[in-house]
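A.B. asks: Provided below are the primary sequence and the corresponding predicted coordinates.
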Amino acid sequence: MGFEVPAEKNPGTIAEVTIGATPAQGGTRSNAITIGGSTALPFLFFEGKHPHRPALAMEVFDKVPSKYPGPLQDYYADVINDPGEMARKCVEQYGAELISVRLEGTHPEKGDRSADEAVDVVKQVLESIQVPLIISGHSHYEKINKVMTRVCEAAAGENCLINYVETENYKTIAAACMAYNHNIVAQSPIDVNMAKQLNILLTDMNFPRDRIVIDPLTGALGYGLEYTYSIMERIRIDGLSGDPMLAFPMIINPGYESSRVKENRVSEEEYPDWGDQELRSAYWEIATAMSLLTAGSELLVLYHPKAMDVVRKNLDELYGAESGN
Amino acid sequence: MTLSGLEIFKLLPKTNCTECGVPTCMAFAMKLAQKKADLSECPYASDEAKAALGAAGKPPIRLVKIGVGARAFEAGNETVMFRHEKTFFHQTGIAVQLKASESEEQLLSKIREIETYTVERVGERLKADLLFLSSDSDAPDDKEAFQKLVGMAKEHSTKGIILDCAEIESLEAGLEILKADRPAVYVRKEVSEEVFKLSKAYNAPLVLTATSFESLENQTVKAMKAGVEDLLLNMEAPDLGMQFQNNTILRRSALKKNFEPFGYPLLTIIEAENGMDLLAKASVGLCKYASIIVLPRYEKAMLYTLFTLRQNIFTDPQKPIQVEPKLYAIGDPTPESPVFLTTNFSLTFFLVSGEIENSGTSAHLV
Ligand code: B12
Ligand code: SF4
C-alpha cells in the first residue's frame, strides 16, 4: 500500500461576509474586505478552497481602558486619546486592514458617554482612515442598544461590522443592522449550542446569512484559550460538515484579551521567571492569535504592533504561494 | 482491519499474569483494541496472536522514548486529530538547540540556565524537556568541540538529548559518551546502513528527515526493515504553510489510514528570522502535531509563553484542571479574617489566591 495524500471532502461551505463599501458601493471606503468562503479546515489547500485570506484589524477607543498595559502605551502614547489619529497610525504605520472602534466609554459604569458622542467618534474615525470599520460595544443592554441604533444610522452605507449581539440582547441591534445594511457579530460564551441557537434566532428574523460573523468569545493564552480553541474547531468542523447554522466566519480578540491579563502588566523584577515584560506582552498576543488562526478564525483584532507584524508575516506563509494558492 | 476487544481477548493466553501492566488479559485486550498498548508488552503472546493482530495490534502512532531515568521523555501514542475528540496524550517536547561552535563558557551557562529554569503555573511545574546538540562547523565536524558539548550536557543536565552532526565518526563518539542515556539521533541526510547499525548498537531512536513524502516513506520502510523500531519524522518545508499541511497529512495518514510508515511522532525544527517569528511558528507547531519542537534560540519570556500554550492545548478537555473544593487558608488567617468565595477551576483559584497573597492579607478561600 503506497502513500496517498489523505484529502477529505466536506459538504459544507463557510459563508462569505463582506465588510466595508467603496463609493461605487454606496460608502466611502477605499476597499471592501471579504472573509469566509472556505470549504476545508484552516490552511489546508490540498483538500479544499480558501478564497479569502483571514483579515487583521486593530482597535481604537472612545475611552482608554483602565487596564491598558504599559508595553502598549509606549507605542500609542501620542495618539491614544485621539481615536482618529490612533486609527491612522494603526493603518498607515502598522498595516491594519480594518479598524475596530470600541465604544466601551458609553457603558454607564465606564464613563457613560452619550450616543451622540459615540456617533462623533465613529465619524471622526471614518474620516481619518479609509479601511472598513468594526464597531464594538459592551454588555449593558439598554445603553448599547441606544448607542448602536444611532451609530448604525450615522454610518449607513458603510457596510460596517457591528460587534456584538448576544442571545439575551439581539433584536434591537439586529433590526438596526438590517435597516442600515450592516453586518453583525453573534457572540456566545464559548459554547457550540449557544452559538448555533443565536444564529437560528438571527436568521429567523430574516437576518441575511452572508452578514453574520460568529464571536466564540476569546479566552487569552493561559486564561481559557483551550476552551475557545476547541469550541472553534468544533464550530468549524460542524459548519463544514453541513450545519448551515454554524457555517460562518469567526472573529476573535487576541489584543483585547491579552491586554487584560497579568502577564501583560507585571515587570520582570516582580516575576523573574516570566521573563522580559516587553517581549512577553507581544508574545502573549502572538501565541493567542496564531493558535486561534489554526482553529479557524477569519478576523482577528490585534493591539500590539509587533504582534501585527509577525502575525501578518506568518499568515502570509500559511496562506501563501507555496501552499498552492 | 481492526479487531474488537473480544476478538483480541480470544487470542491472548488468558492467564491474567499482569506482566503487561494491567490486571487481566481482558483489560489488556481492551487497551489493544483502543490502540493504547502494543502486543509486545505481553511476553506470552503466541505467534498466532502476533500474526492475527499484525498491524491492527499496534498503536497508530508509536510511543517513542528518548532518555532513561531523569532524562526520560515520551512522544507519540496519539489517537485523535482534535483535542476535543478525546485528548492529546503526550505534550509537545520543547527542545533547545545548543551549537558546538559557541564558547564553552556560553554553553555551560545555557545548559545550567535551561536545567534550573522551571515556572509554576496553575499548580503545575513547567520546564523544557530536551537539548538538541548540534555540530555546526562547516563540512567536516569539529569532532572535539562536539564531544566536549555532549560531555557537558551529560554532566550538567538531566534533560533528554538529541544528537545532530554531519559525520558518522562524531556521531559514534557522541553516542559512546551517552551509552547508557538513550539519546535520539537526528539524521540530516538520507539515512544509511551505518546509522541503522549505530542506532541498534546504542538503542538510540532516529529522527528521519526528508523534503518529500516519497523520500520519507522510503526511509521509514528501510529503517523498519533494518529492525530500527523507534523513529521520529521530520518533514522539512520551505515555509510555515507547507509545514502545517505536511504535519496534518502525516498525522492523518497514521490515524485515519493506518499508514504504517508514517505511524511515528513528528519533530519540527523551527526556523525563523527573529524571536517573534520563532514564537509564532513554534505556537503553530505545538498546536498542530509536532511531538517535539526544536528552538534555535530562547529566552525566558519565550519559554514561559510556550509552556503556557502547551499547558492549555494538552489539558484533558474531559477533566479541566481543578482544585479540590474546600476551605483554603491563605497566610495566617484568624476567625476574624475575610472569607473569599470563588470557583474550583484551577485557573480561577490560582488567580484569586495569588491576588490575595499579593495583597498581603491573610484570608480564608472557599
Ligand atoms: C475562560 C472562560 C471560561 C472557562 C473557564 C476557565 C477558568 N476561568 O477556569 C469556561 C469555558 C469553563 C467558562 C465557563 C463559564 N463561563 Co466563562 N468565561 C471565560 C472567559 C472567556 C475568560 C475568563 C478569564 O479567565 N479571563 C482572564 C482573567 C485574568 O480576567 P477576569 O475574568 O477579569 O478575572 C479576574 C477577576 O474576575 C478576579 N476574580 C475572579 N473570581 C474572583 C473571586 C474573588 C473572590 C476575587 C476577589 C476576584 C475574582 O480574578 C481574576 C484575575 O484578575 C470570560 C470572558 C472574558 N473574555 O473575560 C467568560 C465569562 C467570565 N464566563 C461567563 C459565563 C456566563 C460562564 C458560564 C456560566 C457559561 C455557561 N453558560 O455555562 C460558565 C461557568 C463556569 C463556572 N463554573 O465558573 C461570563 C460571566 C458573565 C457574568 N458576569 O456573570 C463571561 C464574562 C463571558 C460572557 N460575557 O458571557 N468560562
Ligand atoms: S501479560 Fe499477557 S498473559 Fe499476562 S495478563 Fe497481560 S495479556 Fe494476559
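C.D. replies: Looks like it came in fine. Ligands and ions are numbered 1, 2, ... in the order given.

A.B. asks: Show me what residue A:33 bridges to in the sheet.
C.D. replies: For residue A:33, the beta-bridge partners are residue A:19 (DSSP bridges).

A.B. asks: What is the neighbour count of the residue of the stretch 151-300 of chain B found nearest ligand 1?
C.D. replies: Nearest to ligand 1, among the residues of the stretch 151-300 of chain B, is residue B:287, at 17.5 Å (CB to the nearest ligand atom). Glycine gets a C-beta too; all of them are placed from N, C-alpha and C. For residue B:287, the tally of surrounding residues (other CB atoms under 10 Å in any protein chain shown) stands at 25.

A.B. asks: ditto for residue B:194
C.D. replies: Neighbours of residue B:194 under the rule other CB under 10 Å: 11.

A.B. asks: Quick check, pLDDT for it.
C.D. replies: pLDDT, residue B:194: 92.

A.B. asks: for it, helix, strand, or coil?
C.D. replies: helix (DSSP: H, G, I helix; E, B strand; the rest coil).

A.B. asks: what does the helix ranked longest in chain B rub up against?
C.D. replies: Longest helix in chain B by number of residues, with DSSP state H as the criterion: helix B:240-256. By CB atoms under 8 Å, 6 or more residues apart in numbering or on different chains, the list of residues contacting helix B:240-256 from outside reads A:3, A:5-6, A:43-46, A:294, A:314, A:317-320, A:322-323, B:60-61, B:78-81, B:213, B:233, B:235, B:237, B:259, B:262-264, B:266, B:268, B:280-281, B:284-285, B:288-290.

A.B. asks: quick check: mean pLDDT across the following helix or strand past that helix?
C.D. replies: The helix or strand immediately downstream of helix B:240-256 is strand B:266-269, counting by DSSP states H and E. Average pLDDT, strand B:266-269: 97.

A.B. asks: What about residue B:304, how many residues nearby?
C.D. replies: Using other CB under 10 Å, residue B:304 has 25 other residues around it.

A.B. asks: can you pull the contacts of it?
C.D. replies: By CB under 8 Å, 6+ apart, the neighbours of residue B:304 are A:273, A:274, A:275, A:280, B:119, B:126.

A.B. asks: Can you report how many residues lie near residue A:176?
C.D. replies: Per other CB under 10 Å, the neighbour tally for residue A:176 reads 20.

A.B. asks: Which residue lies nearest to it in three dimensions, sequence-adjacent residues excluded?
C.D. replies: Among residues not flanking residue A:176 along the chain, residue A:152 sits closest, at 4.0 Å (CB to CB, 6 or more residues apart in numbering or on different chains).

A.B. asks: is the helix or strand that neighbour falls within anywhere near ligand 1?
C.D. replies: Assigned by DSSP H and E, residue A:152 belongs to helix A:141-154. No - figure legend: helix A:141-154 not in contact with ligand 1 (CB under 6 Å from any ligand atom); closest approach 12.1 Å.

A.B. asks: that older thread, of the contacts of helix B:240-256, select the buried ones using a PyMOL command.
C.D. replies: Burial among these is assessed by 16 or more other CB atoms under 10 Å in any protein chain shown; the matching PyMOL selection reads:
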select buried, (chain A and resi 3+6+43+44+45+294+314+317+318+319+320+322+323) or (chain B and resi 60+61+78+79+81+213+233+235+237+259+262+263+264+266+268+280+281+284+285+288+289+290)
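
A.B. asks: Cross the contacts of helix B:240-256 against helices and list the overlap.
C.D. replies: Among the contacts of helix B:240-256, the ones falling in helices (DSSP H) are A:294, A:314, A:317, A:318, B:213, B:280, B:281, B:284, B:285.

A.B. asks: okay, the residues you listed in CSV with distance to ligand 2 and pLDDT next?
C.D. replies: Shown next, in CSV, are the ones in helices among the contacts of helix B:240-256 (distance: CB to the nearest ligand atom, whole Å; pLDDT from 0 to 100):
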residue, distance to ligand 2, pLDDT
A:294, 40, 97
A:314, 48, 97
A:317, 48, 95
A:318, 46, 96
B:213, 36, 96
B:280, 46, 98
B:281, 43, 97
B:284, 40, 97
B:285, 37, 97
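
A.B. asks: Please list the residues of chain A that sit near ligand 1.
C.D. replies: Proximity of chain A to ligand 1, by CB under 6 Å from any ligand atom, involves residues A:189, A:190, A:217, A:219, A:223, A:224, A:227, A:257, A:260, A:261.

A.B. asks: Do I have it right that the fourth one meets residue A:231?
C.D. replies: By that I understand residue A:219. No - in this structure, residue A:219 is not within contact of residue A:231 by CB atoms under 8 Å, at 9.5 Å.

A.B. asks: re earlier: would you list the buried entries among the contacts of residue B:304?
C.D. replies: A:274, A:275, A:280, B:119, B:126.

A.B. asks: Only the buried subset of the residues of chain A next to ligand 1, as a PyMOL command please.
C.D. replies: To isolate in PyMOL the members of these that are buried, counting by 16+ other CB under 10 Å, one can use:
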select buried, chain A and resi 190+217+219+223+224+227+257+261
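
A.B. asks: and ligand 2, which of the residues of chain A next to ligand 1 reach it?
C.D. replies: Okay, of the residues of chain A next to ligand 1, nothing touches ligand 2 (CB under 6 Å from any ligand atom).

A.B. asks: and which of the residues of chain A next to ligand 1 is nearest to residue A:73?
C.D. replies: Nearest to residue A:73 among the residues of chain A next to ligand 1, counting by CB to CB, is residue A:260 at 14.7 Å.

A.B. asks: so who does the closest residue to that closest one other than its chain neighbours touch?
C.D. replies: Nearest residue to residue A:260 in three dimensions, chain neighbours excluded: residue A:67, at 5.1 Å (CB to CB, 6+ apart). Shown in contact with residue A:67 (CB under 8 Å, 6+ apart): A:259, A:260, A:265.

A.B. asks: Alright, calling it a day.
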